[in-house]
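Structure, please.
(3 chains)
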Amino acid sequence: MRPVTDTLSLSSLTPPVRDAIRGALLSWFRAGHRDLPWRRSADPYRVWVAEIMLQQTRTETVREYFDRFLARFPDVAALAAAPLDDVLALWSGLGYYGRARNLHAAAREIVARYGGRFPQDAEAVAALPGVGPYTAGAIRSIALRQRAALVDGNVARVLARLFALPLRPQEADGRRALWQLAEELVPEAPEAADADNDPGDFNQALMELGATVCLPQQPRCLLCPVSEVCLARRQGDPERYPPPRPPRQVPEVDRVTLLLCQGGQVLLLRRLPAGLWGGLWEPPTGEVDPRGPHQALQRLCQEQLGAQLPVERAQPLSPFVHLLTHRRMRFQPYRLEVAAVPPLHPQGEYDQLRWLDPSRPAALGMSAWVSGLLGRLHTPRRVCDAERTT
DNA sequence: AAGCCGGGGCA
DNA sequence: TGCCCAGGCTT
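This next block holds a predicted model:
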């Protein structure tokens, strides 16, 4: 690696400086990096699945999901042939379930339009549902070995610090500048066996640096291969970059949910395929009613099940809070044990119905709060004495 | 441009 | 608590 003594700025990103950064990052990455399952082969399918899972999700979280997913769906044909329910079941707990729906739709598109072979064309890759600018760059550079840039949260932070850019990645001009920088830095794909200047390795090096060294708080600059050229470090306070994003208000929402039990089984409904928790299974859930819990439960049964049930016998369980990026949801669960039920017709927000034995959890797509609630049902703790829903 | 879309780890 | 995470889609 060549030492770089020039003052680094956008205008001084000369070819020698650029090459020095490339060389330092590539040799640092190749000297040692985390052993991640999706790095063991450059199969476009594996890279694609991993990159979708990695959207807004930590690598350590993805690791287990990826292995289970690849064991069940080893190739794009297997994924395309599976029902969406099975895909969502393996996605349960990972969040952003629209990713799973898009992944499944894209797999079917790859089979239908490209004969099951992953498209190589840049426009075709970018046109797949669920594949945006970042994921397209990742697939093209890592799996297809094309010269393609990428900017994720890690890269944005590394570049903002390296060049001391007071740019917010979530704003348009910040995005534009960071992407332009990334595109100037990413090396050309090697002609043949020459493994140097691999665009995929370079991009992974940038991300690895952001994930393990150039951390949001307390960056470990002493371990950084490019600390000598880092303007933020030269200024003495790398944490200033990128500037913090403005905090946002998170509205609170109250819900009641009904665990209808019969013969050791609990009723679950499947949500409509779009929107929050689309396609996932949950107990009938609805809004609270200012008139009281009985009215809320009665309305719930009427609107979501098309039935009347003895909701006055429902017992309140411990309420819990479920946090989302844009909502703070407070759930008040009720349990209602019945000997027999009238005919039930899923409607409203739901399109299907089934009974589940909570002690033998089936492979169903469920949100984390549903899994937690069913687990609590299986091994009950205690029932709330107070019946308060406000 | 802003809002919607999950869940978890960590200071 | 607040912040952030190998972002994308819709309006």
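
how about the strands in the stretch 201-350 of chain A?
Secondary structure of the stretch 201-350 of chain A, counting by DSSP state E, counting those that start in this stretch: strands at A:252-262, A:265-271, A:281-282, A:285-287, A:315-316, A:320-323, A:328-337, A:350-356.

quick one, what contacts residue A:313?
Residue A:313 makes contacts with A:336, A:337, as judged by C-beta atoms under 8 Å, 6 or more residues apart in numbering. In short, each C-beta sits where N, CA and C put it, glycine included.

again, only this time at 7 Å
Residue A:313 makes contacts with residue A:336, as judged by C-beta atoms under 7 Å, 6 or more residues apart in numbering.

if we can go back for a sec, as a markdown table, the strands of the stretch 201-350 of chain A with distance to DNA strand C, mean neighbour count and mean pLDDT would be great.
Supplementary listing: those in a markdown table, determined by distance: least, C-beta to the nearest atom of the strand, whole Å; neighbours: other C-beta atoms under 10 Å; pLDDT from 0 to 100:
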| stretch | distance to DNA strand C | mean neighbour count | mean pLDDT |
| --- | --- | --- | --- |
| strand A:252-262 | 12 | 19 | 97 |
| strand A:265-271 | 16 | 21 | 98 |
| strand A:281-282 | 21 | 23 | 98 |
| strand A:285-287 | 22 | 18 | 97 |
| strand A:315-316 | 23 | 16 | 98 |
| strand A:320-323 | 8 | 13 | 96 |
| strand A:328-337 | 10 | 19 | 98 |
| strand A:350-356 | 19 | 16 | 97 |
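
so which of those strands comes closest to residue A:72?
Comparison of those against residue A:72 by C-beta to C-beta identifies strand A:281-282 as nearest, at 18.2 Å.

other SSEs contacting that closest one?
For strand A:281-282, the helices and strands in contact under the criterion 3 or more C-beta pairs under 7 Å, 6 or more residues apart in numbering; DSSP states H and E are strand A:265-271.

packing partners for the strand it packs on?
Identification of packing neighbours for strand A:265-271 by 3+ C-beta pairs under 7 Å, 6+ apart yields strand A:252-262, strand A:281-282, strand A:350-356.

how about a markdown table for those strands, with distance to residue A:15 added?
Supplementary listing: those in a markdown table, determined by distance: least, C-beta to C-beta, whole Å:
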| stretch | distance to residue A:15 |
| --- | --- |
| strand A:252-262 | 54 |
| strand A:281-282 | 56 |
| strand A:350-356 | 58 |
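
Make TSV from those and add distance to DNA strand B to it.
Putting the helices and strands packed on strand A:265-271 into TSV (distance: least, C-beta to the nearest atom of the strand, whole Å) gives the following:
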stretch	distance to DNA strand B
strand A:252-262	10
strand A:281-282	10
strand A:350-356	15
